[in-house]
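# Using only what follows, build the 3D model:
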Amino acid sequence: CIELACFLLSILAGSSKGSGGTEAVEGLVSRASLTTLREFVTKMPDTDKVFALHLLANMMQPLIGKEGTSPDVVRQAELLGANLIELTKKQETKENGENQKSPLLQALVQSCVL
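Numbers count the residues shown, from 1 in each chain. As a prediction, the model looks like this:
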């Protein structure tokens, strides 16, 4: 989770003060950052994934249906979605038969729905 926080801070620190935050937003939804975030979600420990998934869901929502999004960003968003579906299926299989579902599975399902 520390690596994810440092990654996000590096993007935010790289944006200029007068941009009104648009540079930071563009940096967060770039092809490179989506690729990095996809790797973080795939490789990070389950305990840290819930936070990252909530962050990703909030980041991806404005991209859905937005005109002018580059094909590279759209492709990375599609790959991220596919990874989230795969992670959800694996977690659901792990928790099969349990009465109460984990916060991780709930966050995965929420991310897939968005």
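# show me where the chain has strands.
Secondary structure of the chain (DSSP state E): no strands present.
# So, low pLDDT: which residues of it?
1, 11-12, 14-29, 61-66, 114 (pLDDT under 70).
# In it, where's the longest helix?
The longest helix of the chain (DSSP state H) is helix 71-94.
# Please export the C-alpha coordinates of it as CSV.
Output of helix 71-94 as CSV, limited to C-alpha atoms (Å, rounded to 0.1, in the frame of the first residue of the first chain):
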residue,chain,number,x,y,z
PRO,A,71,-7.7,4.3,-27.4
ASP,A,72,-4.7,3.4,-25.2
VAL,A,73,-6.5,4.5,-22.1
VAL,A,74,-9.6,2.7,-23.1
ARG,A,75,-7.6,-0.5,-23.7
GLN,A,76,-5.9,-0.3,-20.3
ALA,A,77,-9.3,0.3,-18.7
GLU,A,78,-10.6,-2.8,-20.4
LEU,A,79,-7.7,-4.8,-19.3
LEU,A,80,-8.1,-3.5,-15.8
GLY,A,81,-11.8,-4.5,-15.9
ALA,A,82,-10.9,-8.0,-17.1
ASN,A,83,-8.4,-8.3,-14.3
LEU,A,84,-11.0,-7.3,-11.7
ILE,A,85,-13.5,-9.8,-13.1
GLU,A,86,-10.8,-12.5,-12.8
LEU,A,87,-9.9,-11.5,-9.2
THR,A,88,-13.6,-11.4,-8.3
LYS,A,89,-14.2,-14.9,-9.6
LYS,A,90,-11.2,-16.3,-7.7
GLN,A,91,-12.2,-14.6,-4.5
GLU,A,92,-15.8,-15.8,-4.9
THR,A,93,-14.5,-19.4,-5.4
LYS,A,94,-12.4,-19.0,-2.2
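# for that helix, packing partners?
helix 31-43, helix 46-60, helix 103-113 (3 or more C-beta pairs under 8 Å, 6 or more residues apart in numbering; DSSP states H and E). All C-beta atoms are positioned from the backbone trio N, CA, C, and that covers glycine.
# Would you mark the buried spots in that helix?
73, 76-77, 80-81, 83-84, 87-88, 91 (16 or more other C-beta atoms under 10 Å).
# I'm done for today, thanks for sticking with me.
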